[in-house]
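A.B. asks: here you go, sequence then predicted model.
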Amino acid sequence: MNILKTAALSAAIALGMAGVSAAQDLKFFTIGTGGTAATYYPVGGVIANSISNPPGSRPCDEGGSCGVPGLIASAVSSRGSVDNVNAINSGLRNSGFAQSDVAYWAYTGTGTMEGQPPAEKLRAIAALFPEHIHLVVMADSEINSVGDLAGKRVSLDEPGSGTYVDAILILEAYGLSKDAVTAEALKPDAAGDALRNGQIDAFFFVGGYPTGAIVELASAVDIKLVPIDGDGAAGLTEAFGFFSVSDIPDGAYEGVAATTTVAVGAQWITSSDEDEELIYQITAALWNDNTRRLLDVGHAKGASINRETALDGIGIPLHPGAERFYREAGLLQ
């Protein structure tokens, strides 16, 4: 074999070995989010991009990715909180977003998850932002309170969503049952279309404001938000500590006045089966300065995601990797 052929063969072997090494170093990590027109999905995309750092990326200090070396994270559209909890519990997804109430009930096998085996492997990475319950109707609708929904066509979202869980709790808090309405199971974008076309009278959605589907709806037709307040809201907050009374401010949606409602917390959760060092690095990447910049410009709700509130309202154990980060950061004693 001549020298040139030997050199070419050596180079090919070296490239092949480098490819094997890169493949070995490559890690994939999924984040279950929600519908593409809701809040979880775009926020999940920002976080996935922030924590990713594929092989060959420019170093962080040279303007490249500041994520976890070798990691490719992806935001996966899903049916929402309950779906994400089930997918994490079964090993289908590495992580996902879930409402604080859904995560707690799944972990303990209580509340709306009573009768199901506790999802004891669920672990928290971080609390993200408050999610407000939206009850949306046309501006000229005679529906002005939750009680007015009796006998109406109402979308409660899909059964795999946190919205569905909370919508039923809200109906019950105001003396109604699911059977008191003609229930539909539409995601917010489809629900918005159905509302403007007169196919439904109202729809629930739980998410951080402003959510894309309602922004688009409000820009096309006149809508209003129905308040969730008074004795019903007081009963909810008293019975369930994860609910709090909060306002959706004036102007969050075009032409829609400030509205009092109730809110729950959005959390990023994972499984205890996930590697401690990997979750530690992911948590560190979530809270580095580069991610802060991306969150501030990536979605209107990104500014609400802060390290100082990362442990607020968490009702399930922290993942050991996340816990290690928060202890080192001085957020846990």
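C.D. replies: Received, thanks.
A.B. asks: name the helix or strand for the nearest residue to residue 314 once chain neighbours are set aside, please.
C.D. replies: Nearest residue to residue 314 in three dimensions, chain neighbours excluded: residue 124, at 4.8 Å (C-beta to C-beta, 6 or more residues apart in numbering). To be clear about C-beta, it is placed using only N, CA and C from the backbone, and glycine gets the same treatment. Taking DSSP states H and E as the definition, one finds residue 124 inside strand 122-138.
A.B. asks: mind listing what's buried in stretch 323-333?
C.D. replies: For stretch 323-333, the neighbour count (16 or more other C-beta atoms under 10 Å) marks 323, 324, 325, 326 as buried.
A.B. asks: residues contacting the third one?
C.D. replies: Residues in contact with residue 325, defined by C-beta atoms under 8 Å, 6 or more residues apart in numbering, are 280, 283, 284, 287.
A.B. asks: going by secondary structure, it is in what exactly?
C.D. replies: helix 320-328.
A.B. asks: how about residues contacting stretch 242-250?
C.D. replies: 99-101, 104, 130, 132, 134, 209, 225, 229, 233, 236-237, 256-265, 313, 315.
A.B. asks: of the residues you listed, select the buried ones using a PyMOL command.
C.D. replies: Selection of buried members from the contacts of stretch 242-250 for PyMOL, criterion 16+ other C-beta under 10 Å:
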select buried, resi 99+100+101+104+130+132+134+209+225+229+233+236+256+259+261+262+263+264+265+313+315
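A.B. asks: now, which of the contacts of stretch 242-250 lie within strands?
C.D. replies: 99, 130, 132, 134, 225, 259, 260, 261, 262, 263, 264, 265 (DSSP state E).
A.B. asks: residues near the closest residue to residue 300 other than its chain neighbours, how many?
C.D. replies: Closest residue in space to residue 300, ignoring its immediate chain neighbours: residue 210 at 5.6 Å, by C-beta to C-beta, 6+ apart. Around residue 210 there are 20 other residues, counting by other C-beta atoms under 10 Å.
A.B. asks: the helix holding residue 325 to strand 122-138, inter-axis angle?
C.D. replies: Computed by axes from the mean of the first three to the mean of the last three C-alpha atoms, to 10 degrees, the angle separating helix 320-328 from strand 122-138 equals 90 degrees.
A.B. asks: who does the helix or strand that contains residue 291 touch, helix- and strand-wise?
C.D. replies: Take DSSP H and E as the rule and residue 291 turns out to sit in helix 289-298. In terms of contacts (3 or more C-beta pairs under 8 Å, 6 or more residues apart in numbering; DSSP states H and E), helix 289-298 is packed against helix 40-51.
A.B. asks: helix or strand next in line after the helix it packs on, which one?
C.D. replies: With DSSP H and E, the next secondary element past helix 40-51 is strand 71-76.
A.B. asks: show me which residues of that following strand are buried.
C.D. replies: For strand 71-76, by 16+ other C-beta under 10 Å, it's 71, 72, 73, 74, 75, 76.
A.B. asks: ditto for stretch 37-47
C.D. replies: 37, 38, 39, 40, 41, 42, 43, 44, 45, 46, 47.
A.B. asks: got it, and stretch 28-39?
C.D. replies: So stretch 28-39, judged by 16+ other C-beta under 10 Å, has buried residues 29, 30, 31, 32, 33, 34, 35, 36, 37, 38, 39.
A.B. asks: I'd like those residues as JSON lines, with distance to residue 242 and pLDDT appended.
C.D. replies: Output for the buried residues of stretch 28-39, formatted as JSON lines (distance: C-beta to C-beta, whole Å; pLDDT from 0 to 100):
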{"residue": "29", "distance to residue 242": "27", "pLDDT": "98"}
{"residue": "30", "distance to residue 242": "25", "pLDDT": "98"}
{"residue": "31", "distance to residue 242": "22", "pLDDT": "98"}
{"residue": "32", "distance to residue 242": "20", "pLDDT": "98"}
{"residue": "33", "distance to residue 242": "20", "pLDDT": "97"}
{"residue": "34", "distance to residue 242": "18", "pLDDT": "92"}
{"residue": "35", "distance to residue 242": "22", "pLDDT": "88"}
{"residue": "36", "distance to residue 242": "26", "pLDDT": "88"}
{"residue": "37", "distance to residue 242": "25", "pLDDT": "82"}
{"residue": "38", "distance to residue 242": "19", "pLDDT": "82"}
{"residue": "39", "distance to residue 242": "17", "pLDDT": "86"}
